[in-house]
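Q: I need the structure of the sequence given here:
(2 chains)
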Number of protein chains: 2
Amino acid sequence: MTQAVPMTEIWRGDILESVHSGHAVVCRPDGEIVHAWGDPEAVVLPRSSSKMIQALPLVESGAADAAGLTTQHLALACASHNASKIHNDMVRDWLSHLGYADEDLICGPQEPRDIAVRDDLIRCNDPVCRVHNNCSGKHSGFLTLTKHLGADKNYVSMDHPVQKAVLTVHEELTGETSPGYGIDGCSAPNHASTLKGMARAMAFFAAAREGQGPRETAAARLRDAMATHPEYVAGEGRACTNLMRAMGHKVAIKTGAEAYFIAILPEQELGVALKIIDGGTRAAENAIAAILAKLGVLDPAHPEAAKYLDAPIRNWDGLQTGRMCASSALR
Amino acid sequence: MTQAVPMTEIWRGDILESVHSGHAVVCRPDGEIVHAWGDPEAVVLPRSSSKMIQALPLVESGAADAAGLTTQHLALACASHNASKIHNDMVRDWLSHLGYADEDLICGPQEPRDIAVRDDLIRCNDPVCRVHNNCSGKHSGFLTLTKHLGADKNYVSMDHPVQKAVLTVHEELTGETSPGYGIDGCSAPNHASTLKGMARAMAFFAAAREGQGPRETAAARLRDAMATHPEYVAGEGRACTNLMRAMGHKVAIKTGAEAYFIAILPEQELGVALKIIDGGTRAAENAIAAILAKLGVLDPAHPEAAKYLDAPIRNWDGLQTGRMCASSALR
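A: Reported below is the predicted structural model:
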């Protein structure tokens, strides 16, 4: 197995304090590898980076249209959101429209990442809810498909029709029999693949065109929903949101826990999959920004890009004490 | 340079999701290496793992005794604390006794890690203070020595008598000319050394005996204060506190930002220094626990030890979705 490649450096003064290594691969829709760093065959869980795959059956089946979902809903179905007001309001309305409520979400309650929302809950002694879970949009999508199929509500079970549909599409798009799965932070199954397989799946999303059959149409709609509404995919201050805005809404990207990151480049018809082997999210953000700059879709001089490509590290008093930057392999 | 060694594995189901690598070394007081993993010559900043070195001039100078500091104060001077009530109350009383207040601390304000204290601040609209900074005990120690020396209050400047004393003792105990420094999260300078040099300094603390001159006496008092009062060194729920309790208060350990960890073993007269190269704190906690178990001072069957040696990973709904465990090199 090819060693992981140093990707991100953490400097404090003149001292190299920490280094993150990873694997990354850029593929075309037929699986041809265009660029690779480290081992394209590395097997790992994509976590939330695979949410657009998990949402594909929702759209392809017709369930999304039957429920009247907007492009914002589709972006939120692919989101790891901040639990800001726009996210919470939309999930609550969505559930209510389906005839469901907070307790019908199987994801556990998670303290909002949005500090203002968090502080309001604390001040009002309001409980942290399942709606606040960063995956509540994905789960609302699962519930929408569940209702459309008339299936039972335990939609995270591996033998539930929703999860069977997710596994089928995961294997078809990666071109691999998934070697295993894990249970995610939100209790849904998450399927492993090689990094190469995941990049190939993202290239499918990149090359998909509306009108070319139900699957391509669904993939194109999800991709475009993400790129058009980056604020629904993550939220203010987040790398996914900031970088999609910096790329002029032309590229869809998505982070996953434990430092997975994907990118979907429609104009180039390329897919990218990246894993920092130690799970350090800061490095995944730096490395995906560096790869997007290398591929010519992110202007490294854009102020939002600079925040990830050469990020100042500040201390509790606001002093800059160091910086995070890409290692030579990605520069 | 010797490659870093895989130290900690993160599993989700049957999938190895992430791996952390690091360097570690165990030394005797004369610098003899007893065990090493990776590169003992790796140069890195020890960050808060060096707080007992930074507190040594406070005690050796007589300033601590002149100010009437207790063993709890000495433990707090070496702490990265939770800003729990016991920490905040002691820092406020300490500052008041010196004739100082929150604004005299140079560390910036930091939201308390103690959730109950944090939530009380939010509910009462009280500001986050410098007292809440995890380093406020160290800074109170710096202020105590500053006052004792009649020096100006900018005690974090590299040419301030307090920081000159810290650099001198750092170089004498590591046996090295420090190759550089960085500015820490609390705005104080932090001096680099090889990992071997830091382990040697920790072995000095391990072998130090009261009555053997002012420096050994000061080192023994700080070490014993840490081991005796683990709740002042970190706080409830923290690895330093839990593991020192699990070792029966016989060993002093201290975490540092970016995944540094040290241990001081008085009975064995050994010092340990450990750095996870990617800065992942979870792995530093796992790896130091594994090394302490290997050295025979931590019972791996102790319930608090098990939390770090083979730690369940739980999701937002409380389900166990994976585990963190030591890699073969540390088992």
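
Q: now the strands for the stretch 101-250 of chain A?
A: When secondary structure is read from DSSP state E, counting those that start in this stretch, the stretch 101-250 of chain A shows strands at A:181-183, A:189-191, A:193-194.

Q: Take those strands and write them to CSV, including distance to B:Ser84.
A: (Glycine included, C-beta is placed from N, CA and C.) Formatted as CSV, the strands of the stretch 101-250 of chain A follow (distance: least, Cβ to Cβ, whole Å):
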stretch, distance to B:Ser84
strand A:181-183, 33
strand A:189-191, 36
strand A:193-194, 44
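
Q: any idea how far whichever residue of the stretch 51-200 of chain A sits closest to chain B lies from A:His139?
A: Ranked by Cβ to the nearest Cβ, the top residue of the stretch 51-200 of chain A for proximity to chain B is A:Gly108, at 3.0 Å. From A:Gly108 over to A:His139 the distance is 11 Å, taken as Cβ to Cβ, to the nearest Å.

Q: Spell out the residue ranges of the helices in chain A.
A: Listed from the start of the chain, chain A has helices (DSSP state H) covering A:51-54, A:56-60, A:63-66, A:71-77, A:85-98, A:115-123, A:136-149, A:161-174, A:195-207, A:213-228, A:230-233, A:239-246, A:281-294, A:303-309.

Q: roughly how far is the first one from the heart of the chain?
A: Offset of helix A:51-54 from its chain centre (Cα atoms, centre = their mean, to the nearest Å): 8 Å.

Q: which residues are in contact with it?
A: Outside helix A:51-54, the residues that touch it by Cβ atoms under 8 Å, 6 or more residues apart in numbering or on different chains are A:77-80, A:135, A:138, A:141-142, A:166, A:169-170, A:173, A:188, A:201, A:205, A:219, A:222-223, A:226, A:252, A:254, A:264.

Q: If we use 6 Å, what do you get?
A: Helix A:51-54 is contacted by residues A:78, A:138, A:166, A:170, A:222 when judged by Cβ atoms under 6 Å, 6 or more residues apart in numbering or on different chains.

Q: what's the closest of those to B:Leu121?
A: The shortest separation between B:Leu121 and any of the contacts of helix A:51-54 is 33.2 Å, and it belongs to A:Lys138 (by Cβ to Cβ).

Q: what comes up buried for the top strand by length along chain A?
A: Of all segments of type strand in chain A, defined using DSSP state E, the longest is strand A:15-27. Of the residues in strand A:15-27, A:15-27 count as buried by neighbour count, 16 or more other Cβ atoms under 10 Å in any protein chain shown.

Q: Any part of it near chain B?
A: Yes. Under the criterion of Cβ under 6 Å from any Cβ of the partner chain, chain B is reached by strand A:15-27 at A:15, A:17-20.

Q: center of chain A, which residue is that?
A: Per Cα atoms, centre = their mean, the C-alpha nearest to the average position across chain A is that of A:Lys254, at 2.9 Å.

Q: Could you list everything that one pairs with in the sheet?
A: On the basis of DSSP bridges, A:Lys254 takes part in beta bridges with A:Ile262.

Q: Could you tell me the per-residue confidence at it?
A: For A:Lys254, the model assigns a pLDDT of 98.

Q: try the one 4 residues further on
A: Per-residue confidence for A:Glu258 comes out at a pLDDT of 98.

Q: Am I right that it is in contact with A:Asp278?
A: No. If you go by Cβ atoms under 6 Å, A:Glu258 and A:Asp278 don't touch, sitting 8.7 Å apart.

Q: before we move on, back to that, between A:Gly108 and A:His139, which is the more surrounded one?
A: Just comparing A:Gly108 and A:His139: by other Cβ atoms under 10 Å in any protein chain shown the higher neighbour count belongs to A:His139, 26 against 19.

Q: contacting residues for that one?
A: Under the criterion of Cβ under 6 Å, 6+ apart, the contact list for A:His139 reads A:105, A:107.

Q: can you rerun that using 8 Å?
A: Each residue near A:His139 by Cβ under 8 Å, 6+ apart is listed here: A:105-107, A:130, A:133, A:155, A:186, A:188.

Q: Mind listing the shared neighbours of A:Gly108 and A:His139?
A: Both A:Gly108 and A:His139 are contacted by A:130, A:133, A:186, under the criterion Cβ under 8 Å, 6+ apart.

Q: Just among those residues, which is most surrounded?
A: Among those, A:Asn133 has the most neighbours (other Cβ under 10 Å), with 30 neighbours.
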